[in-house]
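Undergrad: Quick one: sequence and predicted model below, then my questions.
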Amino acid sequence: MAFNIMGSDIYLPQQTWNGEDFDRHLGLKLGTSLRKYGVEKRYIAAPHETAIMMAGEAIIGALKNACMRIQDIDFIIYASATHHQTLPYDASAVLAYLKAPAHLTSVDINSSCLSFLSALDYAQCLFLAKRHRRIVIVSSECGTGITLNKTTPSSFEVATLFSDGAAAYVLQADPLASGFTGALFETHHQGYELCQVKGGGSAINPHTTAHADLLTASQFEMNGKALFREMVKAVPTFLEKGLQRAEVNKQHIDYVLPHQASHRAINKLPRIIGFADHKVINNVAQLGNQIAASLPINLHFLRQQIALDREQTKQSNPASDKLLTSKTTLKPTTSPDPKTLTTKTVLLFGTAAGLSLGMGLLTL
């Protein structure tokens, strides 16, 4: 027993910034954000576009695409790194937004940027245990309000990196489906301090901490160079171990979908992990790092591309050279061979604050 993806959808904020918008905001020479940080487009949430609102709208769209209602769902997993507020937990806030029936079970999962992968793994276990028939996973992130503030400004690298958005998936139990396989997670805790937001928990008491210090503790901190060095050391061995355990060869992987960590990391990734450039999904220029929402948003676009390729193959048209979406247009990976246009094996993986590594396989 595993699951099929019955529907998915995303919510991207209406406001977008390009590289020159960041240059003006940060006081940089025009062209710097594009040239140095690879910024083509970022999605910036407006005050009314809260993480809960974006999550709720993404769920509504995913349910519509799955031809279901919220009443048809048994369980909702809110899988995100940042929180709307400390209490109550965020899944309950989403249920309130949706005016959902009380019978729905709900939970939050937070493994920072790997939250969506952790939620897929958890859902797979629940389906295997026959606990639920239909599960919704939603990831929603709204981090630019912190990284683009003027009071305690972030470094240029951090300020230009992040983007907001949400994605939701409707999963349904199916005894013949494979679901999320080959899951593997590791925590290399020597990198714990390389990527963090120190505030927001019990470690720093807002009642006994000076206001300026509290604002500083609420900022995202990242030692990008050290983090990249740790990633380069750990990821190749980790992926090799995971693929061996899953009994999958690299040549059987059709797409590699990594967490869109940074401009530098994603562009060097194919060489680091030993996959051809055209197999590795790279949309960081157009979408930025959307934290835990990064993987599911990019997966949604990949599902659209695969569906479009299949439809065009049926109509005997050339493979698509663009990924179509009502919100944005992203660069394609590669045009598939119509003779082999069947199911596609996707390797999802990423690194996250911790330093954590995660991976798993989906068949689309």
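TA: Looks like it arrived, so ask away. Numbers count the residues shown, from 1 in each chain.

Undergrad: for the strand or helix carrying Ser92, packing partners?
TA: In the assignment (DSSP states H and E), Ser92 maps to helix 90-98. Contact partners of helix 90-98 among helices and strands, from 3 or more Cβ pairs under 8 Å, 6 or more residues apart in numbering; DSSP states H and E: helix 51-65, strand 75-79, strand 105-109. C-beta: built from backbone N, CA, C; applies to glycine.

Undergrad: got the buried residues for stretch 269-282?
TA: Burial within stretch 269-282, assessed by neighbour count using 16 or more other Cβ atoms under 10 Å, is assigned to 269-270, 273, 275, 279-282.

Undergrad: which outside residues touch it?
TA: Outside stretch 269-282, the residues within contact range by Cβ atoms under 8 Å, 6 or more residues apart in numbering are 231-232, 235-236, 239, 250, 253-258, 260, 266-267, 298, 302, 331, 333-334.

Undergrad: can you rerun that using 10 Å?
TA: If you take Cβ atoms under 10 Å, 6 or more residues apart in numbering as the criterion, stretch 269-282 is touched by 38, 228, 231-232, 235-236, 238-240, 250, 253-258, 260-261, 263, 265-267, 295, 298-299, 301-302, 305, 330-335, 346-349.

Undergrad: Can I have the buried ones of the residues you listed as a ChimeraX selection?
TA: Only the buried entries of these go into this ChimeraX selection, using 16+ other Cβ under 10 Å:
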select :38,228,231,235,238,239,253,254,255,256,257,258,260,261,263,265,266,295,298,299,301,302,305,330,332,333,346,347,348,349
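
Undergrad: Which of the contacts of stretch 269-282 fall in strands?
TA: 255-258, 346-349 (DSSP state E).

Undergrad: host element of His83?
TA: Applying DSSP H and E, one finds His83 in no helix or strand.

Undergrad: Hmm, it is touching Ala91, no?
TA: No: contact criterion Cβ atoms under 10 Å: His83 and Ala91 do not qualify, at 11.1 Å.

Undergrad: of the two, who's got more company?
TA: Set His83 next to Ala91 and count neighbours by other Cβ atoms under 10 Å: Ala91 wins out with 24 against 17.

Undergrad: mind listing what that one touches?
TA: Per Cβ under 10 Å, 6+ apart, neighbours of Ala91: 52, 55, 75-80, 104-109, 136, 138.

Undergrad: Distance check, Val136 against His84.
TA: Distance, Val136 to His84, using Cβ to Cβ, to the nearest Å: 17 Å.

Undergrad: my bad, Met68
TA: For Met68, the distance to His84 - Cβ to Cβ - is 25 Å.

Undergrad: likewise Arg133?
TA: Relative to His84, Arg133 is positioned 28 Å away (Cβ to Cβ).

Undergrad: now Thr313
TA: Separation of Thr313 from His84 (Cβ to Cβ): 42 Å.

Undergrad: now swap in Ser139 and tell me
TA: 13 Å.

Undergrad: ditto for Pro13
TA: Taking Cβ to Cβ as the measure, Pro13 falls 15 Å from His84.

Undergrad: Equivalent analysis for Ile109, please.
TA: For Ile109, the distance to His84 (Cβ to Cβ) stands at 15 Å.

Undergrad: the more surrounded of those two?
TA: A side-by-side neighbour count of Ile109 and His84, using other Cβ under 10 Å, places Ile109 first with 22 against 18.

Undergrad: Turn the ones in strands among the contacts of stretch 269-282 into CSV, including distance to Ala159 and pLDDT.
TA: What follows is the ones in strands among the contacts of stretch 269-282, written out as CSV (distance: Cβ to Cβ, whole Å; pLDDT from 0 to 100):
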residue, distance to Ala159, pLDDT
Tyr255, 30, 98
Val256, 28, 98
Leu257, 26, 98
Pro258, 22, 98
Val346, 31, 98
Leu347, 31, 98
Leu348, 27, 98
Phe349, 26, 97
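
Undergrad: Compute the number of surrounding residues for His103.
TA: So His103, with other Cβ under 10 Å, has 8 neighbours.

Undergrad: Report the secondary structure state of it.
TA: At His103 the chain is in coil, as set by DSSP: H, G, I helix; E, B strand; the rest coil.

Undergrad: so it makes contact with Ile76?
TA: No: taking contacts as Cβ under 10 Å, His103 lies outside contact range of Ile76: 11.4 Å.

Undergrad: Could you check the pLDDT of the closest residue to Ile10 other than its chain neighbours?
TA: Leaving aside its sequence neighbours, Ile10 sits nearest to Ala167 (Cβ to Cβ, 6 or more residues apart in numbering; 4.6 Å). Ala167 is assigned a predicted lDDT (pLDDT) of 99.
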